[in-house]
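# Mind folding the following:
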Amino acid sequence: MSVAGGLAPAWNGRHGGGDGSMSVASTGKVSVILPGELSDTVVDFLHDDKDSLRQCSLVCKAWLSSSRLHLFNTITVRDAERTFEQLQPFLAAIPSSASAIHHLIFSGQATLTIDEVQVALCSLPGLRELKLVDCTILAYRTDRRRPTPCFSHVSALRIIHCNTTADDLDPLLDLIALFSNIDYLALQNNNFKFLKAPRESGPGLSATSLRTISAVMVPLSLLSCLILQSKTPAEIKRVELVACTVRSYRDDGAAPFAALLAAIMPTLESFGVTPGLYFMFDERHVLAGTAESYAISRCAHWHLQSLDILLPKFADMQQLMKLMLSFTYDFRMRALPPVVRAVRFVVPEIASVEEAALPRGYTAQKHEEEVAFYWLYIDHNFECTEFAGRTFEIVMADDASPASRARVAALKAYLEKRLAVMVRRGQLTIFPGFSG
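Below is the predicted model of the structure:
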């Protein structure tokens, strides 16, 4: 059991802790009397510096409660040997720690039952986010009846690489059904094979309201249960679907995707997508048509004026190049809905602003000539009539880390050089609003 800082802080301001009284901080032979407000400010400033916060908690009792608010903001249980049963005695040993926990992460748990999750969450009244990573969740009931929602205070649920080898998706739906109001639901798998023949799921959710869904390599059958078979009226505001199908529309992959679009479109405010075929970067497959582009182009009730094309990972420039090139192939064949006037290419964590390593046998000059050709080819594709009158942006993801944002200047300079013609004709804006 450990106190971790792996998640972004839920808040950076003062959350109580001090009583406004004076506290004494000793440094060597010097004692300094600090107002309570100042000591709280010092502790708040150190929110992400856990080592310093631990030292602050030892300065004096007046600093202890304020430090704990930050130290216990995120709790991580990292391995299968430390289970839910051990969480309660851990919290009981430290008074008021349970109410300070806003984020709970379980990683690498061999198995988890729905009952175990319920017991743990009942003891955490201040919890805002639950994250499960590399866990196997067991089914709630053999008759596939869903549990009754019993938690309204948890607003974010992240299920990452869970049940990736299981045939049945029902346990994931059982887990989601525990929560009555989910502002942000993230589902992420890491195996394309899981998309091909997942076992059909049981009934949908009885009373879970969803606002934002972000799904990566998740079968459409699971998303259908979440959206199409739910008894709660759709209130979804944003959906992000990354590689949730690897089929083209010729394989009838567009039909379930179109059904999802029709269900969420009435309340939808923004939509982001990346077809699975983009990852394979086979020109023949993309030109044949992705299920996503076919469904979007034929969506009768599409009302959004913008569309986000998501880059799940940014390891080097080549990945952004392939994404933009695949998009031009795909949507030249199947036109965007007429109402769409803007397309945003959304960049996540930037690992590096360097190009990929030189292929074997390539000289630097030959590699530069080839890279320059592909960027010019992208620019040429955007000149076609299918994209006339539309604008394009390259933007940063909302949850990008400060380290990634620090690399924006270098990335912006690189892209403005490679896509200079597209920028000059006013068709492309790169990181709008950024200066530095």
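
# Quick check: the gap between Cys244 and Ile101.
Separation of Cys244 from Ile101 (CB to CB, to the nearest Å): 32 Å. C-betas here are computed from N, CA, C, even on glycine.

# Pick out whichever of those two has more residues nearby.
Cys244 (27 against 22; other CB atoms under 10 Å).

# Name all residues that make contact with the more buried one.
Residues counted as contacts of Cys244 (CB atoms under 8 Å, 6 or more residues apart in numbering) are Leu195, Ala215, Val216, Met217, Val218, Pro219, Leu220, Leu223, Phe257, Gly276.

# Looking at these, which is nearest Leu185?
Of all the contacts of Cys244, Leu185 sits closest to Ala215, with 8.4 Å by CB to CB.

# buried set for stretch 370-388?
By neighbour count on 16 or more other CB atoms under 10 Å, the buried set for stretch 370-388 is Val371, Trp375, Ile378, Asp379, Asn381, Phe382, Phe387.

# Tell me the one of those nearest His303?
Phe387 (20.1 Å).

# tell me the contacts of that closest one?
Here Phe387 is in contact with Thr328, Phe331, Arg332, Gln427 (criterion: CB under 8 Å, 6+ apart).

# Which ones among those lie within helices?
Thr328, Phe331, Arg332 (DSSP state H).

# For those, pick the one with the most neighbours.
Busiest of the ones in helices among the contacts of Phe387 [other CB under 10 Å] is Phe331, holding 25 neighbours.

# Give the full set of residues in contact with it.
Going by CB under 8 Å, 6+ apart, Phe331 touches Ser293, Ser297, Glu386, Phe387.

# Out of those residues, the closest to Ser96 would be?
For the contacts of Phe331, the nearest to Ser96 is Ser293 (52.9 Å; CB to CB).

# Test my guess that that closest one contacts Met333.
Yes - with contact defined as CB atoms under 8 Å, Ser293 and Met333 form a contacting pair (7.5 Å).

# between those two, which one's more packed in?
Remark: of Ser293 and Met333, Ser293 carries more neighbours, 26 against 16, as counted by other CB under 10 Å.

# For the helix or strand hosting the more buried one, list the C-alpha coordinates in PDB.
Using DSSP states H and E, the element containing Ser293 is helix 291-297. Provided in PDB are the C-alpha atoms of helix 291-297 (Å, rounded to 0.1, in the frame of the first residue of the first chain):
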ATOM      1  CA  ALA A 291     -16.400   1.700 -40.800                       C
ATOM      2  CA  GLU A 292     -16.100   5.000 -38.900                       C
ATOM      3  CA  SER A 293     -15.900   7.300 -42.000                       C
ATOM      4  CA  TYR A 294     -18.700   5.500 -43.700                       C
ATOM      5  CA  ALA A 295     -21.000   5.800 -40.700                       C
ATOM      6  CA  ILE A 296     -20.100   9.500 -40.100                       C
ATOM      7  CA  SER A 297     -20.600  10.400 -43.800                       C
END
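
# If anything else comes up later, I'll come back, but that's it for now.
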